[in-house]
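**Q** the amino acid sequence is not available; the structure is as follows:
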């Protein structure tokens, strides 16, 4: 076997073991190599992240000062790129060197750095601007003696979309039949607790901006909209959605239904009708959509869901910006296998009642 292949395989195995060790024992210890401004940018992006810890920087532009405010975010040493780099990486116990490409970080430098790291436990990665693109859409390809990064379409094939639609309606119908007795009891409980219907109907905006009538268990008084005008100054929401933790409009039974997410069970009707998916972005109100710009409107590229990344990431506790980020990430990168994972995480989120009020 070729010696180079053996060295490459050994280095890859060592780097993989290092990353696995870092993920089991704690955050990945990262050193950022690039221009000083890039080092600060990456350190800022990962500041406080539970899986990443920037333990140092390697500057390729000694003639440039650190950007203003760098001391506030960069609690790590920044050294100059040079022949002593490998020894310094060992001293800071780096798991991975993250290279930020720039005119000063050439392909030749990246190549030589990969040679320098051969036989060590430090991996080499390139920082990518593809922040919102999931790994399954990225593929390295060789073209004209150059390695290009091919980004796959954000729109799955017709077959995959048909499978998701069939799974939604089939599983939705099964769940609706199984939940029918419980829904009947909940409707009775809501009506006995306060005047008004058991179900609440509201217009929401679906895929491609198509409006539809969404069903939920009624959890508020029938005069909720009128009372809202009197308590607008108490808004604790994310700046777009009106939310109050101790909302006086919510009924006694309604508070229990919201805490347990049982109020959302009637949305199975919308799933069976093909208006919603089991997993997708949060169904938006028309007044929200009226305020969307072209970027946020992208969340309407897929059907809204009964659950989604927003559901398993905090729900009402999320800021508007974070909610939009999660919805856009899902709209651009969804896969059926990821939907299954979100479904499993939803069970845990509902059990813990995270962000439900």
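**A** Nice, thanks for sending it over. Bear in mind the structure is a predicted one, so any value in this text is a computation, not a measurement.
**Q** when you work out contacts or count neighbours from here on, use the C-alpha atoms and nothing else.
**A** Will do.
**Q** show me the strands in the protein, by range?
**A** Assigned strands in the chain, in chain order: 28-34, 52-59, 78-80, 96-99, 123-126, 138-143, 146-151, 199-205, 211-217, 277-279, 305-307 (criterion: DSSP state E).
**Q** quick one: which of those strands is nearest residue 322?
**A** Among those, the nearest to residue 322 by Cα to Cα is strand 305-307 (15.8 Å).
**Q** can you give me the first-to-last residue distance of stretch 151-162?
**A** 23 Å (Cα to Cα, to the nearest Å).
**Q** name the residues that touch it?
**A** 133, 137, 138, 139, 331, 332, 333, 336 (Cα atoms under 8 Å, 6 or more residues apart in numbering).
**Q** now the residues you listed: which count as buried?
**A** Buried residues within the contacts of stretch 151-162, defined by neighbour count using 16 or more other Cα atoms under 10 Å: 133, 331, 332, 333.
**Q** would you point out the most distant pair within the residues you listed?
**A** 133 and 331 (10.7 Å).
**Q** could you check the angle the helix ranked longest in the chain makes with strand 199-205?
**A** As assigned by DSSP state H, the longest helix anywhere in the chain is helix 158-193. Orientation note: helix 158-193 sits at an angle of 140 degrees relative to strand 199-205 (axes from the mean of the first three to the mean of the last three Cα atoms, to 10 degrees).
**Q** quick check: angle from helix 158-193 to strand 211-217?
**A** Using the same axes, to 10 degrees: helix 158-193 against strand 211-217 is 50 degrees.
**Q** hey, what's residue 220 bridged with?
**A** Beta-bridge pairing of residue 220 under DSSP bridges involves residue 250.
**Q** roughly how far does it sit from residue 34?
**A** Counting by Cα to Cα - residue 220 and residue 34 are separated by 55 Å.
**Q** next one: residue 347
**A** 43 Å.
**Q** what mean pLDDT does the longest helix of the chain get?
**A** Here helix 158-193 scores 95 as its mean pLDDT.
**Q** please apply the same query to stretch 137-148.
**A** 88.
**Q** picking up where we left off before, any idea which of the strands of the chain scores lowest on pLDDT?
**A** strand 78-80 (a mean of 84).
**Q** packing partners of that strand?
**A** If you count contacts as 3 or more Cα pairs under 8 Å, 6 or more residues apart in numbering; DSSP states H and E, strand 78-80 packs onto strand 52-59.
**Q** tell me the strands beside the strand it packs on, with direction?
**A** By DSSP bridges, strand 52-59 pairs with strand 28-34 (parallel), strand 78-80 (parallel).
**Q** who's in contact with the last one?
**A** The one in question is strand 78-80. For strand 78-80, contacts defined as Cα under 8 Å, 6+ apart pick out 56, 57, 58, 59, 60, 61, 62.
**Q** excluding sequence neighbours, find me the nearest residue to the third one.
**A** For residue 58, the nearest residue in space outside its immediate sequence neighbours is residue 33; the separation is 4.5 Å by Cα to Cα, 6 or more residues apart in numbering.
**Q** dump the buried ones among the contacts of stretch 151-162 to JSON lines, plus distance to residue 111 and pLDDT.
**A** Output for the buried ones among the contacts of stretch 151-162, formatted as JSON lines (distance: Cα to Cα, whole Å; pLDDT from 0 to 100):
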{"residue": "133", "distance to residue 111": "25", "pLDDT": "90"}
{"residue": "331", "distance to residue 111": "36", "pLDDT": "95"}
{"residue": "332", "distance to residue 111": "32", "pLDDT": "94"}
{"residue": "333", "distance to residue 111": "31", "pLDDT": "94"}
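**Q** and the residues you listed, which is closest to residue 205?
**A** residue 331 (15.1 Å).
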